[in-house]
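>>> with the sequence up front, the predicted model follows.
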Amino acid sequence: MTTLPFNRIIMIPAETINDNFAQLFARYPELRTVKLSHPEYGSINVELDSPQIFIPDGNDSTKINLQLRFKSGRMWHTTWGGIMDVANWNILIELDLFSPDSSTIDLKPFTLSTVSTNQSSFRATLARRGLS
């Protein structure tokens, strides 16, 4: 028998986590604003709504989906070469809770078709769970 480094498992529903994100964003308005600039990748200046997580069905997955919700703002990307309005955008990021290095997230470049595909997949997941 393998001994694990802990003796309790606590389950917290996604709804509780999402409610806490909302409370954090209400209490700390500075969390809502993101202003970043990078000479190689571009810049972003946005106001966020509180993020949400979605936990996949089944109990054998170590992955969750984090949804970043852009309330308003603009982004400039060196590849696209122009300013893009990102108001009401939602970006879904899959995170592995037990990845070898959970302190970093590898955000790969995406195209508008990738965003479309991810949106379709995300909508299908929500519909399957009766949340659409």
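Received it, and whenever you're ready, just let me know what you need.

>>> going forward, measure contacts and count neighbours with C-alpha atoms only.
Will do.

>>> are we agreed that Ala26 is in a helix?
Yes - using DSSP: H, G, I helix; E, B strand; the rest coil, the secondary structure at Ala26 is a helix.

>>> neighbours around it, how many?
Counted with other CA atoms under 10 Å, residues neighbouring Ala26 total 14.

>>> what of the one 3 residues further on?
Neighbour count of Pro29, defined by other CA under 10 Å: 11.

>>> what is the closest residue to Ile83 other than its chain neighbours paired to in the beta sheet?
Setting aside the residues directly before and after it, Ile83 is nearest to Trp76 in space (CA to CA, 6 or more residues apart in numbering), at 4.6 Å. Beta-bridge pairing for Trp76 (DSSP bridges): Ser43, Ile83.

>>> mean confidence for the strand or helix carrying Ile17?
Ile17 belongs to helix 14-27 when assigned by DSSP states H and E. Mean pLDDT, computed over helix 14-27, is 94.

>>> got the contact list for that helix?
Helix 14-27 is contacted by residues Leu31, Arg32, Asp49, Ser50, Pro51, Gln52, Ile53, Phe54, Ile55 when judged by CA atoms under 8 Å, 6 or more residues apart in numbering.

>>> which elements pack onto the helix or strand hosting Ile53?
Taking DSSP H and E as the criterion, Ile53 maps to strand 42-54. Strand 42-54 is packed against helix 14-27, strand 33-38, strand 63-77, with contacts defined by 3 or more CA pairs under 8 Å, 6 or more residues apart in numbering; DSSP states H and E.

>>> which stretches of the protein have low pLDDT?
Residues of the chain meeting the criterion pLDDT under 70: 1-9, 58-61, 99-132.

>>> please redo it, this time with the cut-off set to 50
The chain contains residues with pLDDT under 50 at 108-118, 132.

>>> follow-up on the earlier one: need the helices and strands packed on strand 42-54 in a markdown table with distance to Leu95, can you?
Output for the helices and strands packed on strand 42-54, formatted as a markdown table (distance: least, CA to CA, whole Å):
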| stretch | distance to Leu95 |
| --- | --- |
| helix 14-27 | 14 |
| strand 33-38 | 20 |
| strand 63-77 | 5 |
